[in-house]
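Enquirer: sequence plus the predicted model coming up.
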Amino acid sequence: IIPFFVAWVHEHKAARPGNDVLQRQIDDWMDDFDAEQERKARERQAAMGEDGWTVVARAKGRKRTREDDGVKVMTGGVATNAAAAAAAKEKEKSMLGDFYRFQRHEKRRNELAELRQRFEEDRRRLAQLKAARNFKPY
């Protein structure tokens with residue numbers, strides 16, 4: 001039993017790198033990661049420098065992953081084409097009017113006023129129909 005155990009321990013240790021090898025791998029990975037982050041930061045600065053504007057987005061709700069092109073992909077396996085369609089719809093919606101909050105409030109207020117007006121018209125029409133009915137038992 002003991003020789004088998006010793007062989008197993010040697011096999012286990014051989015499959016795992018030493019601390020110095022592991023540290024070297026981690027350092028290489030961190031260098032690559034830092035270089036990638038610096039590259040992305042330079043790209044963002046270059047994109048911002050073209051027109052001078054910085055896009056600020058408010059994130060609400062649960063955490064989502066965002067790809068570089070702005071497509072929101074929720075964690076949990078959302079299909080890519082569905083995410084692209086949602087992004088296109090959101091972009092189209094943002095390109096339309098109602099940029100300011102007061103415009104959205106005004107639009108909603110106008111919709112409610114229109115609904116109330118249609119409700120009153122329907123109520124008047126029903127009252128006329130009820131008045132026009134005659135009770136004819138025979």
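Expert: Cool, the structure landed.

Enquirer: pretty sure residue 53 sits in a helix.
Expert: No - judged by DSSP: H, G, I helix; E, B strand; the rest coil, residue 53 forms no part of a helix; its state is coil.

Enquirer: now do the same contact list for it.
Expert: Residue 53 makes contact with no residue under the criterion C-beta atoms under 8 Å, 6 or more residues apart in numbering. Glycine gets a C-beta too; all of them are placed from N, C-alpha and C.

Enquirer: from residue 97, how far off is it?
Expert: Applying C-beta to C-beta, to the nearest Å, the value for residue 53 to residue 97 is 20 Å.

Enquirer: now swap in residue 15 and tell me
Expert: Separation of residue 15 from residue 97 (C-beta to C-beta): 63 Å.

Enquirer: pLDDT weak spots in this protein?
Expert: Scanning the chain for pLDDT under 70 picks out 1, 47, 49-52, 54-80, 94-96, 135-138.

Enquirer: could you redo the last one with a cut-off of 90?
Expert: Counting by pLDDT under 90, the ranges of the chain that qualify are 1-19, 22, 40-104, 126-138.
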